[in-house]
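# here's a sequence, model it:
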Amino acid sequence: MTSTNAQVAGAKTSALTYDDSRLHRNGVPHRMLAGAVHYFRVHPQQWEDRLRRLAAMGANTVDTYVAWNFHEEVEGAPRFDGWRDLERFIRLAGEVGLDVYLRPSPYICAEWSNGGLPSWLTARTRSVRSSDPVYREAVERWYGELLPRIAPLQAAHGGPIVAVQVENEYGSFGSDREHLHHQRDLLRQHGIVELLTTADGITAGMLAHGSVEGALPSFTFGTGVQTAVDLLPAATPLLCSELWGGWFDHWGEQHHVRSPESVMQTVDELLAADGSLSLYMAHGGTNFGLWNGANWDGVIQPTITSYDSDAPIAEDGRVGAKFEALRAAFAPFHDGPLPALPAPLRFQPTRTARLEPESSLLETLRALPEGKQLARPATFEELGLADGIVVYETTAVVQAGDDVLSLPVLHDRATVFVDGHRIGTLDRDGETRLPLPVSDAPAVITLVVESVGRINYGPLIGEHKGILAGVLIGRRFAHGWTHRIVPMADPQPMGAVGDDGFASAELQVDELADAWLAFPGGGKGFVWLNGFLLGRYWSVGPQVTLYAPAPLWRVGSNTVRVLDLERLGGTVEVRDEPEFGDVEEFIGS
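Residues are numbered from 1 along each chain as shown. Modelled structure (predicted):
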C-alpha cells in the first residue's frame, strides 16, 4: 500500500488517498473528472455560471491555478477582494457540488504574464524556481498570506479542496531538489493536509526531475496515454492533470482547434486505463488587460487576448459538440443524472458605431507628465512597471555618417518619431536599426516602447522589458532621456486628432448582455469599455473580436475607447459571435 498524505499532527485524514494504483475519496474508489477554469480569466459575476456549466459537463472537480502576480501587483500589498476573492471562488465551486484541485505552485505558466511570478520579484532575481534565497523568501512571504486563507477550505475541514499542487512542470525547467522539498514542506507547514501532486510531461527525465517524495506525480499531454502508463511508478494511480483538449493562440499565427473526435480518442483511452483527468481548458476565459503571456521559440510569441483554447465551454460560455461528447463520457461515473445547463446566454444585437478620433498618439503621450530623467533609458523594471507602454525621449544632432538609430536589446516594440514625425517601427525579432534624417539642429527623438507580453515558459522567464542596452545613434550612445509611463487604467486623450492615437464611440444598451467587439481597419491597439481594459487587437490576427462580458456594460450610454499605435479604424462593430481567424487543427505535445 502506498500513501502520499503525510499528516499534520491533529489533522483529519485527507479526502483523496491511493493504494494499489487506485484513487479513493473518503475510502471509496474514485475518478477525478476535472476541468480547468481560471477565476482570474473570468469576470467574477460569471464565476457561478461557468462552474455550473462545468458540472453540467459531468466534471466532479474544478482545477484552477493561483496567479501570484494577479494578487500582489504591488509588493507587500496582496489583495483578495473583488475579482481576486479566491476564497469566494472556491466556496462557489463547493456550493455547485464540485471538488477543487488547487494549483498555487507559485509558478503557473498558463500563458499568463511572467508565468504568474510578480515582475517586482523577477526585477530582483532571475534565479526563480530555485533555492535562491531572494526567491525563497518572497515565496515564503506570499504563502504566508495565501495558505492560511485556503487551509480552512480543505475537505478535511468541510471545504471543497481535495488536492494541492507542489510545483508545475518543474521537470522541464530545473533540477533543484532542495527547492522541491521546500515547496512541499511549506504547504504542510501551513496546514495543507490534502493530497499533494506534481505535474510533468511524459518523459522519464521530466518525471524524474519534477517529482518529489510525498506528492502524487501526474502528467500533462495532448496524446500519449500509454507512454504515461509506462512511466508510472509502481502502485500509483494514473492522473493526467492537464489533458490538452485544445490549444492557445499567438499573434500572427492561425487559430488552433482540436476536433471532438481527436479529444475523445485520448479521453476514452485514459478512462479505459482507469485514469483520472483534468481537461485543460474546460473553459479558457480571457487574458483581460495586459495579463497575456508570451512564449519563446527563437522569437517572442505573444499570446492573444482570448484564451478560448477551443474549450468545450467557449470563452462566452457557449457549448457544442465537444461539450456533449465529454458529458456522455463522464455521465456513467455519476450515481444520478447530471445537472442541467444554466439559462441560455444572451447577446447584444449587432450594430456598428463610428469611432470618433480624439487625439493623436504623440500629442497625448507628450502631454503626460515627465517622469525620471536619466543618462540612459531605464527598463520597465527600473521604472517599477510590469507591462504597458513607456515613452522615451531625448534630443540629439544627427550628422551624416551617424544617421542610423539602433537598439541593441529591445523588449519588445518601439515606434520611432523624430521631431513629431513617425519614421518607423523597431521590433526585437525584426528590424532593430532605422535611418534617421540628418539635422544641423538638435532633433527630438521619441521612442514609444510596448511590452507585448512577458514570457511564461522556459529559460527566459523573468526577462526584463523596455530598452535594455541603451540607444545608439551611429556608434555613440544617446544620453539624456526622459521617461513617461502611459496610464493603462482608463487613460484620457489630450491634444489634436490624428491618424493614430485615441478614438472613442458611445454605445447605447437597453439590457445587459454579452457582446463581441471588432475594430475593422485598426492596426495595433488597446480597447477600454467604460474604463476597463479589455485587451489588445492586432491586424496580424488571428483574433478579430474581443469579448466584452455583460457585467462590464451598463444600461444607457457606454464608452468604448481605443488607443491605436499604428492606425485608427473608423468604426467599432458589435457582434453576437466571435471571430478568431483561420483555423488550424493542433494537438499539443
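# let's verify the residue nearest to Ala329 when sequence neighbours are not counted: helix, strand, or coil?
For Ala329, ignoring the flanking residues on the chain, the nearest one in space by C-beta to C-beta, 6 or more residues apart in numbering is Val267 at 5.8 Å. No exception for glycine: its C-beta is placed from N, CA and C like everyone else's. Following DSSP: H, G, I helix; E, B strand; the rest coil, the label given to Val267 is helix.
# what is the burial count for Val267?
Residues lying near Val267 (other C-beta atoms under 10 Å) number 23.
# the one 10 residues further on too?
The local packing of Leu277 (other C-beta under 10 Å) involves 28 other residues.
# again with Val212
Neighbour tally, Val212, other C-beta under 10 Å: 21.
# most distant residue from the middle of the chain?
Asp440 (47.8 Å; C-alpha atoms, centre = their mean).
# from Val193, how far off is it?
The gap separating Asp440 from Val193 is 75 Å, by C-beta to C-beta, to the nearest Å.
# again with Val416
From Val416 over to Val193 the distance is 57 Å, taken as C-beta to C-beta.
# what helix or strand does the residue nearest to Tyr39 when sequence neighbours are not counted sit in?
Leaving aside its sequence neighbours, Tyr39 sits nearest to Phe89 (C-beta to C-beta, 6+ apart; 4.2 Å). Assigned by DSSP states H and E, Phe89 belongs to helix 86-96.
# that older thread, can you tell me the closest non-neighbouring residue to the residue farthest from the centre of the chain?
Val397 (7.2 Å).
# give me the pLDDT value at that neighbour.
At Val397, the model reports a pLDDT of 95.
# equivalent analysis for Ala6, please.
38.
# got it, and the one 3 residues further on?
At Ala9, the predicted lDDT confidence score is 36.
# with Ser3 instead?
pLDDT at Ser3 comes out at 39.
# correct me if wrong: the residue nearest to Tyr39 contacts Thr64.
Yes - counting by C-beta atoms under 8 Å, Thr64 is a contact partner of Phe89 at 7.2 Å.
# show the average pLDDT along the one helix or strand Glu363 maps to.
Per DSSP H and E: Glu363 is located in helix 361-366. Confidence for helix 361-366, expressed as mean pLDDT, is 92.
# what packs against that helix?
strand 443-450, strand 501-509 (3 or more C-beta pairs under 8 Å, 6 or more residues apart in numbering; DSSP states H and E).
# how far is that helix from where the chain is centred?
29 Å (C-alpha atoms, centre = their mean, to the nearest Å).
# name every strand pairing with whichever helix or strand comes after it and say which way it goes.
As assigned by DSSP H and E, the chain's next helix or strand after helix 361-366 is strand 373-374. Strand 373-374 sits in its sheet next to strand 481-485 (antiparallel), going by DSSP bridges.
# which residues does the partner strand contact?
365-366, 368-378, 383, 385, 388-394, 471 (C-beta atoms under 8 Å, 6 or more residues apart in numbering).
# that one vs strand 443-450, what angle?
Strand 481-485 and strand 443-450 are oriented at 40 degrees to each other (axes from the mean of the first three to the mean of the last three C-alpha atoms, to 10 degrees).
# wait, the residue nearest to Asp440 touches Val438, no?
No - in this structure, Val397 is not within contact of Val438 by C-beta under 8 Å, at 9.1 Å.
# hey, which helix or strand in the protein has the poorest pLDDT?
Between all helices and strands in the chain, the lowest mean by mean pLDDT, DSSP states H and E belongs to helix 361-366, at a mean of 92.
# now His421: how far from Pro437?
For His421, the distance to Pro437 - C-beta to C-beta - is 8 Å.
# got it, and Thr305?
Thr305 is 36 Å from Pro437, by C-beta to C-beta.
# ok, these two, which is more surrounded?
Neighbours per residue (other C-beta under 10 Å) separate Thr305 from Pro437, with Thr305 holding more: 28 against 11.
# how deep is the nearest residue to that one once chain neighbours are set aside tucked in, by neighbour count?
Closest residue to Thr305 apart from its sequence neighbours, by C-beta to C-beta, 6+ apart: Gly535 at 3.1 Å. Neighbourhood size, Gly535 [other C-beta under 10 Å]: 22.
# same question, the one 3 residues further on
Here the neighbour count serves as a burial measure; for Trp538 (other C-beta under 10 Å) it reads 19.
# confirm for me that it is in contact with Trp251.
Yes - under the criterion of C-beta under 8 Å, Trp538 makes contact with Trp251 at 5.2 Å.
# okay, now the unreliable bits of this structure?
1-12 (pLDDT under 70).
# surely Pro349 touches Asp576?
Yes - Pro349 is within contact range of Asp576, at 7.2 Å (criterion: C-beta under 8 Å).
# ok, the two, which is more surrounded?
Neighbour comparison, Pro349 and Asp576: the larger count goes to Asp576, with 15 against 12 (by other C-beta under 10 Å).
# coming back round to it: next up, the contacts around the residue nearest to Ala329.
Leu243, Gly245, Leu277, Leu279, Leu326, Ala329.
# quick check: bridge partners of the first one?
The residues paired with Leu243 through beta bridges, assigned by DSSP bridges, are Phe221, Leu279.
# what is the burial count for it?
Count around Leu243 with other C-beta under 10 Å applied: 26.
# so it makes contact with Leu271?
No - the criterion here is C-beta under 8 Å, and Leu243 misses it with Leu271 at 10.6 Å.
# what sits in contact with each of these two?
Leu277.
# contact partners of the helix ranked longest in the chain?
If you go by DSSP state H, the chain has its longest helix at helix 133-150. Applying C-beta under 8 Å, 6+ apart, the contact partners of helix 133-150 are 66, 68, 71-72, 78, 80, 86-87, 90, 102, 104, 106, 118, 121, 124-125, 127-129, 161, 179, 182-183, 186-187, 190-192.
# ChimeraX command for the buried members of the residues you listed?
Buried residues among these (16 or more other C-beta atoms under 10 Å), as a ChimeraX selection:
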select :66,68,71,72,78,86,90,102,104,106,118,121,127,128,129,161,179,182,183,186,187,190,191,192
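# any idea what the residue nearest the centre of the chain is bridged to?
The centroid of the chain falls nearest to Trp112 when counting by C-alpha atoms, centre = their mean (2.4 Å). Counting by DSSP bridges, Trp112 forms beta bridges with Asn292.
# would you confirm that it contacts Asn456?
Yes - between Trp112 and Asn456 there is a contact under C-beta under 8 Å: 5.7 Å.
# okay, and the common contacts of the two?
Joint contacts of Trp112 and Asn456 (C-beta under 8 Å, 6+ apart) are Gly293.
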